[in-house]
Every structure is written in structure tokens, then in C-alpha cells.
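S.K.: Output the structure for:
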Amino acid sequence: MHSYIAKQPILNSTRHIVAYELLYRDSLENTFPIINAEIATQRLVHEHLLSSNINKLVDNKPYFINFTEKSILDGLPHKLINKPVVVEVLEDVPPTEAILKALTQLKNMGFTIALDDFIYSEDWLPFFGVVDIIKFDITLTSFKEIKALKPLLAKHEISILIEKIETESQFKQAKNLQSAYFQGYLFSEPEIVLNEINSRDTQTTQMTSATLYAHHRGT
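M.R.: Numbers count the residues shown, from 1 in each chain. The predicted structure follows:
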């Protein structure tokens with residue numbers, strides 16, 4: 001059987017691809033489908049990361065996966081312990097003690113931790129001891145704001161990834177901030193690929209997704 005997935009490269013300052021972000025898709029339409037984010041995370045993990053040779057699709061490079069609050073607290077990343085996964089904490093995940101405990105456990109297991117679309121608040125300071133990468137969306141956080149945060153991030157040895165880069169000028173500004181990683185349409189749009197999956201695992205995922213959908217609707 002086949003399933004859809006999108007991948008977008010993450011590059012270094014010399015434009016070499018060092019990783020990919022993997023995004024859930026349910027058709028050839030290159031947009032996030034109308035689906036609960038938790039279901040999307042579950043399907044991405046089960047249909048692609050556990051049921052196929054994903055390394056071939058990402059050229060044996062690490063890959064960033066978006067995780068929701070529930071998926072982190074439920075320990076979903078634990079199933080990927082032997083894979084080069086960067087646990088990307090979605091921007092709507094709250095900085096609670098429970099999340100900090102869960103991320104600390106993942107960090108101790110060897111996972112790389114990233115915060116997605118980060119907007120600074122002091123509530124996140126306790127997390128800086130476990131976070132490896134912070135992603136800044138330059139449509140949400142200006143280069144000036146990122147520059148102001150650099151000393152704090154450097155103190156905690158946190159790398160910067162600047163995303164939504166669409167022009168050479170933005171890329172130059174990002175490099176001037178010594179960002180470690182870069183992502184955006186200037187380099188590549190997300191590319192949809194058709195991935196072979198194990199049919200038995202797909203059936204299990206569909207049952208899990210149906211249960212999640214029922215729970216989401218309150219039925």
C-alpha cells in the first residue's frame with residue numbers, strides 16, 4: 001500500500017541539506033489536510049516512520065517531526081527511539097511541568113529537542129536546559145528580536161533555525177545572525193512523495209485514528 005508524505009529540506013549556511021522536516025499529507029494536494037493535529041501525528045509516525053524505510057526518502061538524514069501536547073505526554077516519540085528523529089514541539093504546546101518532565105525524559109533517551117515557531121516568554125526558560133534547537137518563523141519573530149535573544153540562547157548552547165526564508169536578502173540576514181539552520185521556499189517547497197507502507201500497520205493506525213477522532217468530537 002501507499003501513503004502520502006511531504007518533506008522539506010533544512011540546510012546549513014552553505015546550502016547543504018542536513019535534515020528534513022516531514023509533514024503529513026493525505027493526497028497530492030500540498031497543504032495540511034483538514035484533520036486533527038493529533039491524528040496527523042499518529043498517522044505520520046505509524047504509517048511512515050514505523051511501517052516503511054523512511055531513511056531512503058530522507059537520504060539517511062535526520063528528520064524533524066511535529067509533536068502535539070498529547071502525543072508528547074502519551075510517549076509517542078518513545079516508539080522512535082532508534083531513529084534519527086528531532087522531536088519538534090508544536091507552537092501551541094504549553095510550557096507546563098508535565099511537558100518539561102516528558103521532554104527531559106526524551107532528552108535523556110538521546111532525542112534532539114526543537115521548539116517550533118518559537119515566541120519568547122519567560123515561561124520557557126526552564127526548558128532551555130533540554131532544548132537543542134529553536135525554530136524562528138520570521139513572519140512571527142523579526143530578525144531584530146532574534147538578535148536580542150542570541151546571548152541567552154548561546155548561554156544554553158541552543159542552535160537557531162530560521163524558517164520561512166523566501167529571499168536572498170532574508171537568507172543573508174539569517175546568516176549574519178549566525179543561524180545554524182535554514183528553511184524556506186527560497187530553497188525548496190515541501191515535496192510530496194508516495195511512500196510504501198505495511199498494510200497491517202495501516203489498519204492499526206486507522207483504528208487508532210478513528211478512536212482519536214471520536215474522542216476529539218466528544219463521542
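S.K.: quick one: buried residues of the longest strand belonging to the chain?
M.R.: Across the chain, the longest stretch assigned as strand under DSSP state E is strand 2-11. Of the residues in strand 2-11, 3-11 count as buried by neighbour count, 16 or more other Cβ atoms under 10 Å. Where C-beta positions appear, they are placed from N, C-alpha and C, glycine not excepted.
S.K.: repeat for stretch 159-167
M.R.: For stretch 159-167, by 16+ other Cβ under 10 Å, it's 159-165.
S.K.: Find the nearest non-adjacent residue to residue 109, please.
M.R.: residue 81 (6.1 Å; Cβ to Cβ, 6 or more residues apart in numbering).
S.K.: Make CSV from the buried residues of strand 2-11 and add pLDDT and distance to residue 89 to it.
M.R.: Putting the buried residues of strand 2-11 into CSV (pLDDT from 0 to 100; distance: Cβ to Cβ, whole Å) gives the following:
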residue, pLDDT, distance to residue 89
3, 74, 24
4, 79, 24
5, 86, 20
6, 90, 20
7, 94, 20
8, 96, 18
9, 97, 21
10, 98, 16
11, 98, 21
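S.K.: just to revisit the earlier point, out of the buried residues of stretch 159-167, list just those in helices.
M.R.: Using DSSP state H, no member of the buried residues of stretch 159-167 falls in helices.
S.K.: Next, work out how far apart residue 95 and residue 66 are.
M.R.: According to Cβ to Cβ, to the nearest Å, residue 95 stands 17 Å off from residue 66.
S.K.: The two: who's more crowded?
M.R.: Taking other Cβ atoms under 10 Å, residue 95 and residue 66 do not tie; residue 66 has more neighbours (22 against 16).
S.K.: Angles on the backbone of the more buried one, please.
M.R.: phi -80, psi 130 (degrees, to the nearest 10).
S.K.: quick one: it and residue 80, what's the gap?
M.R.: On the measure of Cβ to Cβ, residue 66 and residue 80 end up 13 Å apart.
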